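**Q** sequence and predicted structure, then a few things I'm wondering about:
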Amino acid sequence: MTLLLWGLACCALAAAAASLPSTYRLGVTTTLGAVGCALALGASLDTLLRGSVATVHTARLLPMFGLTLSLDPLGALFVLAAAFVGFACCIYCVGYARDEMRSRSALALLMTFIFALLAVPIAASIVSFLFSWELMAVSSMLLILTDQRHSRDARSASLWYGVMTQLGAASILLGFLLLTTHGGGQSFADLRHHASMLSPTLRSFAFALTLLGFASKAGAVPLHVWLPKAHPEAPSPVSALMSSAMVALGVYGIIRVGVDLLGGGTVWWWVAVASFGAVSALYGALHATTATDVKRLLAYSTIDILGLVLVGVGAAGALVDTGHLGVGELALTAALLLVLAHAGFKGALFLAAGSVERSTGTRNLDRLGGLIHTMPFTAGMFALGACSIMAVPTLSGFSSEWLLLQGLLHGFRDQSTPTLIVMLAGVVALALTGGLTAVAFVKAFGIGFLGQARSRGALDSFDAPPTMKVAMAILVVPSFVIGLVPGLVVPLVERAARVGQAPIPSSPVLHGIGLGLSHFRGAIEPTVLLVAFVVVILLLLAFSRGLANRKARRVDAWGCGRDVQTSRMQYTATSFAEPLQRVFSDVLRPQTDVEVTHVAESRYYEQSLRYRNRVSDALEQHGYRPLIDATLSIGRAARRLQNGSVHRYLAFGFVALLVVLVVLA
Amino acid sequence: MIGSVSSITYESVASVLQVLLIVVLGPLLVGFMAKVKARAEGRIGAPVTQVLRDLRKLLTKERLHARHASVVLALAPLVIVGATTVAVAISPLVTTRPLLGQSADILVIVYLLLTGSVASALAGLDAGTAFGGMGSSRAMTIGALSEPALLVAVIALSIQSGTSNLPGIVSATMNHPDWVSGPSRLLALVALVIVVIAETGRLPVDNPSTHLELTMIHEAMVLEYAGPELALVTLGAAMRLGLLFALISNLFFPWGIARNFSYVALLVGSAALVAKTIVIALGIALVEIRSAKLRLFRLPELLAGGFVLSVLAVITGLVTR
Amino acid sequence: MDVGSCNGCELEIASVLGPHYDVQRFGTRLVASPRHADGLLVTGVVTHNMAGPLRQTMAALPNPHLIVACGDCAVNGGIFKEAQGVSSLLGDVVSIDVNIPGCPPHPAAIVEALRSLTGR
């Protein structure tokens, strides 16, 4: 715990160091931030290894209620994710930060954001939690504005994000307040103690309110609308932190409130969580396949993976509620392992996308191409992250999805209908998103990095400086660790999953190098699979090179004998995804505009044709915008009440006072 | 991998036998289906060993790489064959105890096959031509729609058998012969046949003998390959076909497969596998003769139908438990 | 590859691939890309417009390869020898391995020529 407090102090110092003159600013801030994250990393690993719980309370730092911090294994897992990604991002910033990002405000906000990300999982009272939650929200909202001079959408993205996160925070606050209705303090220990005294309806209400807030933060559909706007506009290290650590805190909140503080609850809570998850997974995967902005694609795939995590959490809750503790713990362990894996590969993907944006000046896949020749390291890191998210065996995405599938599969042994619905929805979501994610990332890597360059920016691109390369490499390491030796990581995750549960006699996962189940038949040994794969590849290489023993001859690509083969003749990202867009057009609702200008003399001849095809978020277009328009029209109508007459305003005040007095009486 | 040295020897021999068998059997099955179709057209057609002859010839030819291609084009054939070989080596084809049989989970096999598809799609995009992009786009779309059906159909079998480990499913089916005619199994079988037709690029999903690029799906991705790399890609596709046919036959009618540590049983298992896959190849060839290629945008209806059938298989399995 | 023919030879080639002559049983088949091919079956004289595509196709063929000239036009110019639009004879641009004379050649002759290549 003391180690973590030192880490937090370092990050706070880093934020203060942003006031230094510009020669020292970047170096000192990022070094202090990296040191702080490293200390937090050490503290969280120590807690996970020992399974200990440490609490600290000080009445001084926050008014009225004081600050209560408690580091337990569940919080430590999320601190681990945030600290790891934060460490890499601090290193990344040294090479990446230019212009606005080197300014005092941007660096101070970045360090405050990292501080808040480390503080939320250890907050142990309502006030401390909400304080760090708000700090996180405000700092990230302001960070999105860093590039507003270069990007038109940054302001609107920041506004959407700010409004939705504040509404979510209000909902969480209401939920927490409901939990304190029967007196007692506002620290989590007190809430846990008093939760059993609340009526079931009150607990369900509290859970529902907090679920809305936390699900919105985790990007659950339909509350996800801010995510695809905010993540692309923020600078890449900030996007990496948001996608890896911040959205995971939404899941943390659900587990903390639902499992730890409220101790379970009815099975219908968890059916709701799992439904949110299944719908998000499918929606996110679909939109990822049709996104042409590389960071928007990554944002939607975050919604997809977090949807799967929510499915796992929902399945775990439902199983524990119906008495299958072992399988329930298995499902929760799988969900938390997926959170860790996601933090690693999504961070690496966003940092690689940042490197691409920095060197080519664009995020639009339709204008990239051929980057594997000019930026081989970035291409390699992106490829590894993409393979991990596509669940290629021996990488982390595969190990976590396997464990999740085992949890769902063995959850089918239960006979009750709600659990069966959850399991079925989970299995269907897992199956469908696997193929769609593969399409999205083949598109991202194949169109963005392979083939010929489609624009000047792509032709003139260059690879990242050494600090950015080191940061990307750091974030790729967990993909291999969790992928090849998951059996060493799972015991740590299991301790986090045990929070608030009754202890079970034996752990559902065998402890070894690979993964194995102790009560059912099922196992995978990724290290051995990798060895087998490498052996086969070497044999094939020897065979085909030995027989052929020739170098390949370079020739022009076969273009049906055409003399001209330009880069415009290649497939673009839009064309790659077009068949899927057609298949799922009811969900995606693409908007197609065709403008035809006819020749003046005759309507039968066309002078020019303009074709525009856009896939915007259908929920935003058909759900949120009508709501916003309705609110604005109510506001406009209400403005007629403001006619400037003081008498009318006094009359309003008098009537309102009368109503309040009547109600109170 | 605990066990005596002799059991590891047996398992290794079994896995190597499986790989060699599929390397030979896959192309032979492709040739056999072409022969059946030719006979139905009134021709004599190419000999059944034609694909094997083509592979041997291709190894002697020159290797060509497109100018804009990167290392992906050279690596992809190795990854395709490598992933398929590992999947063949660990699947329960000739015996229920292949090497690494404990890792022969349904998710492992499906994602190894997916790795192969992803590698070939990336290679198609690497050359920077329109055909490659078209082939990749279509192949990935069909993969995205057929892989869920594959996964859910085998999950229906897993729920019934209590494990997602493939040798476990095979053993459980052999211990309960009455499961074979269950409604959930039949639905899963139909769904899997649709999926296998899509994944191996047979009519009505894809015409394997077309020369028109606009009608190609798998062919369009391999237009840039020549020589030994083309041999590897063709072999990979044939092995995939062999593996999928073998898995259908062993997951639904596993009798004949070796269950103990006897080497004679391996030979019996191989013979049984050959017989069963020839029957399936004949069935699919007859389906191909009777159908025309579907329009690309009608394929999702067929594949969605397969997915719905597999979900029904799961639900029926839960209801009739 | 049709570099400038009247399509008469193509009709004969189509019947060679059909059920009656069925050249596939002797191990030859038509492929979609020159990269997959061992040889090029050329018909017609080399016209101006097809000279470039012929060069591209030759470059796309992997070594070792064979060129088969099918029909009188490909062999020695046939009736289009002095025609306008003709850039050269096939023999002047590539080295021909097998000639199939005839205007158009009988399908049996085409089958014989292809069998001499595959040895079956």
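**A** All right, it came through fine.
**Q** how about the strands in chain C?
**A** Counting by DSSP state E, chain C has strands at residues C:2-4, C:39-44, C:46-47, C:66-70, C:86-88, C:98-100.
**Q** look through chain C and state the residue closest to chain A.
**A** Residue of chain C nearest chain A, by Cβ to the nearest Cβ: C:Pro53 (3.3 Å). To be clear about C-beta, it is placed using only N, CA and C from the backbone, and glycine gets the same treatment.
**Q** ok, back up a step: now the strands of chain C as JSON lines including mean neighbour count and distance to chain B?
**A** What follows is the strands of chain C, written out as JSON lines (neighbours: other Cβ atoms under 10 Å in any protein chain shown; distance: least, Cβ to the nearest Cβ, whole Å):
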{"stretch": "strand C:2-4", "mean neighbour count": "21", "distance to chain B": "14"}
{"stretch": "strand C:39-44", "mean neighbour count": "24", "distance to chain B": "12"}
{"stretch": "strand C:46-47", "mean neighbour count": "22", "distance to chain B": "23"}
{"stretch": "strand C:66-70", "mean neighbour count": "22", "distance to chain B": "12"}
{"stretch": "strand C:86-88", "mean neighbour count": "16", "distance to chain B": "26"}
{"stretch": "strand C:98-100", "mean neighbour count": "20", "distance to chain B": "18"}
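**Q** isn't the residue of chain C closest to chain A right up against A:Arg562?
**A** Yes. Using Cβ atoms under 8 Å, C:Pro53 is in contact with A:Arg562, at 7.5 Å.
**Q** what residues does chain B have near chain C?
**A** Residues of chain B found near chain C (Cβ under 8 Å from any Cβ of the partner chain) are B:38, B:41-47, B:50, B:53, B:57, B:61-64, B:210-213, B:216, B:219, B:222-227, B:230.
**Q** in helices, which of those fall?
**A** Among these, DSSP state H puts B:Ala38, B:Gln50, B:Arg53, B:Lys57, B:Glu219, B:Gly227, B:Leu230 in helices.
**Q** of all the residues you listed, which two lie farthest apart?
**A** Using Cβ to Cβ, those span at most 27.1 Å, a distance reached by B:Ala38 and B:Gly227.
**Q** the more surrounded of those two?
**A** B:Gly227 (24 against 17; other Cβ atoms under 10 Å in any protein chain shown).
**Q** tell me, what's the model's pLDDT at that one?
**A** Per-residue pLDDT puts B:Gly227 at 86.
**Q** the residue nearest to it when sequence neighbours are not counted: how many residues sit nearby?
**A** Spatial nearest neighbour of B:Gly227, chain neighbours left out: B:Lys61 (3.9 Å); criterion: Cβ to Cβ, 6 or more residues apart in numbering or on different chains. For B:Lys61, the neighbour count with other Cβ under 10 Å is 24.
**Q** cool, and A:Ser199?
**A** Look at A:Ser199: counted by other Cβ under 10 Å, it has 10 neighbours.
**Q** relative to B:Ala285, how far out is B:Ala46?
**A** 14 Å (Cβ to Cβ, to the nearest Å).
**Q** wait, A:Pro465
**A** To B:Ala285, A:Pro465 is 58 Å away according to Cβ to Cβ.
**Q** between those two, point out the one with more neighbours.
**A** B:Ala285 (21 against 14).
**Q** list the buried residues in the strand or helix carrying that one.
**A** B:Ala285 is part of helix B:263-290, with elements assigned from DSSP states H and E. Buried residues in helix B:263-290, counted by 16 or more other Cβ atoms under 10 Å in any protein chain shown: B:265-266, B:269-270, B:272-274, B:276-278, B:280-281, B:284-285, B:288.
**Q** now do that helix: which elements does it pack against?
**A** Helix B:263-290 sits against helix B:5-40, helix B:183-199, helix B:227-252, with contacts defined as 3 or more Cβ pairs under 8 Å, 6 or more residues apart in numbering or on different chains; DSSP states H and E.
**Q** what angle do the helix or strand just after that helix and helix B:183-199 make?
**A** Per DSSP H and E, the first helix or strand lying C-terminal to helix B:263-290 is helix B:299-319. Angle of helix B:299-319 versus helix B:183-199, following axes from the mean of the first three to the mean of the last three Cα atoms, to 10 degrees, is 160 degrees.
**Q** what lies in contact with helix B:299-319?
**A** For helix B:299-319, the surrounding residues in contact (Cβ atoms under 8 Å, 6 or more residues apart in numbering or on different chains) are A:412, A:420, A:424, A:427-428, A:583, B:142, B:145-146, B:148-150, B:152-153, B:155-156, B:159-160, B:182-185, B:187-188, B:190-192, B:194-195, B:198, B:204-205, B:294.
**Q** and A:Val311, how close does it get to A:Gly451?
**A** 36 Å.
**Q** pull up the residues of chain C that are close to chain B.
**A** Neighbours of chain B within chain C, by Cβ under 8 Å from any Cβ: C:18-19, C:22, C:24-25, C:27, C:29-33, C:35-36, C:38, C:60, C:62-64.
**Q** and with 6 Å instead?
**A** Within chain C, the positions lying close to chain B (Cβ under 6 Å from any Cβ of the partner chain) are C:Pro19, C:Asp22, C:Gln24, C:Arg25, C:Ala32, C:Ser33, C:Arg35, C:Pro62, C:Asn63.
**Q** what's the neighbour count on whatever residue of the stretch 51-200 of chain B ends up closest to chain A?
**A** Among the residues of the stretch 51-200 of chain B, B:Gly133 lies closest to chain A, at 2.5 Å counting by Cβ to the nearest Cβ. As a burial measure, B:Gly133 scores 26 neighbours (other Cβ under 10 Å).
**Q** select the helix or strand of chain A having the lowest average pLDDT value.
**A** strand A:509-510 (a mean of 74; mean pLDDT, DSSP states H and E).
**Q** following that one, which helix or strand shows up next?
**A** strand A:515-517.
**Q** need the next SSE after that next one, C-terminal direction.
**A** Following strand A:515-517 in sequence, per DSSP H and E, is strand A:523-524.
**Q** centroid residue for chain C?
**A** C:Val42 (2.2 Å; Cα atoms, centre = their mean).
**Q** that one contacts C:Gly71, correct?
**A** No. C:Val42 lies out of contact with C:Gly71 (Cβ atoms under 6 Å); the separation is 8.9 Å.
**Q** just give me the neighbour total for the residue in the stretch 301-450 of chain A positioned nearest to chain C.
**A** Of all residues in the stretch 301-450 of chain A, the one sitting closest to chain C is A:Leu450 (18.4 Å; Cβ to the nearest Cβ). Other residues within reach of A:Leu450 by the criterion other Cβ under 10 Å amount to 32.
**Q** residue contacts, the nearest residue to it once chain neighbours are set aside?
**A** Of all residues not flanking A:Leu450 in the chain, B:Asp126 sits nearest, at 4.5 Å (Cβ to Cβ, 6+ apart). Shown in contact with B:Asp126 (Cβ atoms under 6 Å, 6 or more residues apart in numbering or on different chains): A:Leu450, B:Ala69, B:Ser70, B:Val72, B:Leu73.
**Q** who wins for most neighbours among those residues?
**A** Among the contacts of B:Asp126, the one with the most neighbours (other Cβ under 10 Å) is A:Leu450, at 32 neighbours.
**Q** phi and psi next, for that one.
**A** Taking degrees, to the nearest 10, you get phi -100, psi 180 for the backbone angles of A:Leu450.
**Q** I'd say it and B:Leu125 touch.
**A** Yes. Contact criterion Cβ under 6 Å: A:Leu450 and B:Leu125 qualify, at 4.9 Å.
**Q** for whichever helix or strand A:Gly168 is part of, packing partners?
**A** Element membership of A:Gly168 [criterion: DSSP H and E] is helix A:154-179. For helix A:154-179, the elements it packs on are helix A:126-144, helix A:200-217, helix A:227-233, judged by 3 or more Cβ pairs under 6 Å, 6 or more residues apart in numbering or on different chains; DSSP states H and E.
**Q** list the buried residues of it.
**A** Buried residues in helix A:154-179 (16+ other Cβ under 10 Å): A:154, A:157-162, A:164-165, A:168-169, A:171-173, A:175-176, A:178-179.
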